[in-house]
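Student: Let's see this in three dimensions:
(4 chains)
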There are 2 protein chains.
Amino acid sequence: MARTTLHDWQDSLERALGLFWRKGFHATSLKDIEGALDMRPGSIYAAFGSKGQLFQEALERYARLALAELERVLASHESPLAGLAAYLRQLGGLCDHEAPSRACMLVKSLLELGEQERVARGKAEALLAGMETRFIACFADAQEAGELDPRLDPVRLGRRLQAEVMGLRSFAQRDIESAAVHAVAEDMAASLEALRSSTA
Amino acid sequence: MARTTLHDWQDSLERALGLFWRKGFHATSLKDIEGALDMRPGSIYAAFGSKGQLFQEALERYARLALAELERVLASHESPLAGLAAYLRQLGGLCDHEAPSRACMLVKSLLELGEQERVARGKAEALLAGMETRFIACFADAQEAGELDPRLDPVRLGRRLQAEVMGLRSFAQRDIESAAVHAVAEDMAASLEALRSSTA
DNA sequence: ACGCAACTTGAGTGATCACTCAATGCTACC
DNA sequence: GGTAGCATTGAGTGATCACTCAAGTTGCGT
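Tutor: Residues are numbered from 1 along each chain as shown, chains lettered A, B, ... in the order given. All right, here's what the predicted structure looks like:
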């Protein structure tokens, strides 16, 4: 029939994700994307539609990976609270690994995008809501397991945890010693563990 | 001698601050600024030098106002810990007032600016460090007043508080019910108050 | 071997970007 | 009232923006 595609869609998306995560939406130009994907404008538009649509695909991929990582950490711990605490402690190591940015791409997008980019902004909001939902489910699970006082509100705890993660990762974006980030993460994790019922 | 200035420098800066706070650095164009200040490019450049310098002036003004507000709340409470808790609870009302943005402009800038805007980014970092310093001083004061266990580390507590404020305000930027933000703020404030020494 | 169709190219689109500067307007002083 | 001199104007600068499309390239079915 026809010529085979030269570029792998997933791989191109991965490269674009790195760019957008590091530089944000507005500061990333099509020139940057052309360079990172080694593609010319025509191919990019044929594959992804527009800069905005490419950004949205990148957002979704980011959120999928972030949720998968959370699931991985949760699965490797015996209880929901222990899993969440481990997740926080792992975030304490943000400064120690190379990544496009230490801040959460969803938060960066939430703070950067305005009315002009309504659709992408809405996507970021929805993906953050998804993370919140997962956090809430963890606390509900902890209650079912008798790990958490049943009088506490999982929704409230989930939202607080999301705010703490947002704050921790934004704090890590500062030009600061790795130890400071580890310490903040440790304190947050300890607070979480302090919720554990003494009867559990 | 000469013609008197038509525009008030402080007032112009205030308008620019509102724009930058709401839309961020990249999404704010000189056209936007011309409109908000009712000034033509020549006047803007004569008064502020460049878009980047105007942004930096706005950042500094923002930080000065934010610090002043913190001082105001602290002064109106009898103890450092009570003041900080009140500050957090006040942030819970972010959704209830009209403001350019519910998120902190320093955090928005920290997450948005890259290597291209190194100077402005550095300024945002320095101003955040100033806020951190003030938080730390509060905890040190609380220890001197016997309000806080002297074995705790004020630096560590100050950083954790900054991360929580960053997170709370970023969370408030979500399209969410005001009550949810109030609840997160209340929980953070309660955690802070739980630090109070039983002997105080 | 060939021709079609899908993929890729890259010069070019108009719009908008931050910014400049010669001309003009205005006021304070003489 | 004249004028010295700063404030202001706004059309215009080259660069860059996101994006298009006709032409070229290539692999697959026949």
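
Student: How many neighbouring residues does the residue of chain A found nearest DNA strand C have?
Tutor: Proximity of chain A to DNA strand C (CB to the nearest atom of the strand) peaks at A:G42, 2.1 Å away. (C-beta placed from N, C-alpha, C; glycine too.) By other CB atoms under 10 Å in any protein chain shown, 8 other residues sit near A:G42.

Student: Could I get the contacting residues of it?
Tutor: For A:G42, the contact set (CB atoms under 8 Å, 6 or more residues apart in numbering or on different chains) is empty.

Student: now the closest residue to DNA strand D within chain A: how far from A:A58?
Tutor: Using CB to the nearest atom of the strand, A:G42 is the residue of chain A that sits closest to DNA strand D, at 2.8 Å. Separation of A:G42 from A:A58 (CB to CB, to the nearest Å) stands at 20 Å.

Student: The residue of chain A closest to DNA strand D: what secondary structure?
Tutor: helix (DSSP: H, G, I helix; E, B strand; the rest coil).

Student: Okay, whichever residue of chain A sits closest to chain B and B:A163: tell me how far apart.
Tutor: Closest residue of chain A to chain B, CB to the nearest CB: A:G167 (2.4 Å). In this view, A:G167 and B:A163 are 4 Å apart by CB to CB.

Student: What of A:E164?
Tutor: 7 Å.

Student: so what's in contact with those two at the same time?
Tutor: Shared contacts of A:E164 and B:A163, counting by CB under 8 Å, 6+ apart, come down to A:M188.

Student: Tally up the residues packed near the residue of chain A closest to chain B, please.
Tutor: A:G167, neighbours per other CB under 10 Å, totals 27.

Student: any idea which helix or strand carries the nearest residue to it once chain neighbours are set aside?
Tutor: In this structure, A:G167 finds its nearest non-sequential neighbour in B:G167, 2.4 Å apart by CB to CB, 6 or more residues apart in numbering or on different chains. Here B:G167, judged by DSSP states H and E, is contained in helix B:154-172.

Student: so for that helix, what's the average pLDDT?
Tutor: Rounded to a whole number, the mean pLDDT of helix B:154-172 is 98.

Student: That one - contacts with which helices or strands?
Tutor: Secondary-structure packing of helix B:154-172 (3 or more CB pairs under 8 Å, 6 or more residues apart in numbering or on different chains; DSSP states H and E): helix A:105-112, helix A:154-173, helix A:178-193, helix B:80-91, helix B:105-112, helix B:118-144, helix B:178-193.

Student: Distance to DNA strand D added to those, as TSV?
Tutor: Listed next are the helices and strands packed on helix B:154-172 as TSV, based on distance: least, CB to the nearest atom of the strand, whole Å:
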stretch	distance to DNA strand D
helix A:105-112	13
helix A:154-173	23
helix A:178-193	32
helix B:80-91	34
helix B:105-112	15
helix B:118-144	17
helix B:178-193	33
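
Student: In a markdown table, list those helices along with distance to B:A27.
Tutor: Shown next, in a markdown table, are those (distance: least, CB to CB, whole Å):
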| stretch | distance to B:A27 |
| --- | --- |
| helix A:105-112 | 7 |
| helix A:154-173 | 19 |
| helix A:178-193 | 29 |
| helix B:80-91 | 25 |
| helix B:105-112 | 9 |
| helix B:118-144 | 15 |
| helix B:178-193 | 24 |
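
Student: if we can go back for a sec, what's near enough to touch the residue of chain A closest to chain B?
Tutor: By CB under 8 Å, 6+ apart, the neighbours of A:G167 are B:Q162, B:A163, B:E164, B:V165, B:M166, B:G167, B:L168, B:S170.
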